[in-house]
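J.: the following comprises the amino acid sequence and a computationally predicted model.
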Amino acid sequence: MSNSAGVVACGAVALLLFGFAVREALVVRRLQRAGVRAQGVVVDNTRDDWSDGHNLVPVIAFVDQQGHRVRFSPHVRGTGMNLEMGLEVQVLYEDGKPHTARVNMRKYMMGSALWTLLGGAAFAGAGVLLALKN
């Protein structure tokens, strides 16, 4: 791949990741402003298949506005992201969409946006380095 093609590819990936980060930040902002709040409880910790079973993923249960019991696992995962069984946590979700629930903790709410932003910055930096190499 030539340097100019590498610059374009890195720039495209960086823009895509920046776009996802902005979208994620907007979703979090909307949830914090207008989301439905509920109390959830960590009912289980399962092994994460992606990490060869080393990371535990919390399973959280809560009751939505219609009285249905909902269980979910946060989509942000990794070392230090586990929660103790029995821990009560606040959950936010879109009105009428309890399957969109998220744990109302900073590391769970903003972790995805921050890691995506960091990935976008890495690709942007790689693109700049390739451009300077020309």
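T.: Structure's in. What do you need?
J.: what about the protein, any weak spots by pLDDT?
T.: Low-confidence segments of the chain (pLDDT under 70): 1-2, 49-54, 78-81, 134.
J.: centroid-nearest residue for it?
T.: Nearest to the geometric centre of the chain sits residue 112, at 3.1 Å (Cα atoms, centre = their mean).
J.: helices and strands around the helix or strand harbouring it, which ones?
T.: Counting by DSSP states H and E, the element that carries residue 112 is helix 111-133. If you count contacts as 3 or more Cβ pairs under 8 Å, 6 or more residues apart in numbering; DSSP states H and E, helix 111-133 packs onto helix 3-34. Glycine gets a C-beta too; all of them are placed from N, C-alpha and C.
J.: the helix or strand following the helix it packs on to helix 3-34, inter-axis angle?
T.: The helix or strand immediately downstream of helix 3-34 is strand 36-47, counting by DSSP H and E. Angle of strand 36-47 versus helix 3-34, following axes from the mean of the first three to the mean of the last three Cα atoms, to 10 degrees, is 130 degrees.
J.: distance from strand 36-47 to the middle of the chain?
T.: 16 Å (Cα atoms, centre = their mean, to the nearest Å).
J.: understood, closing this out.
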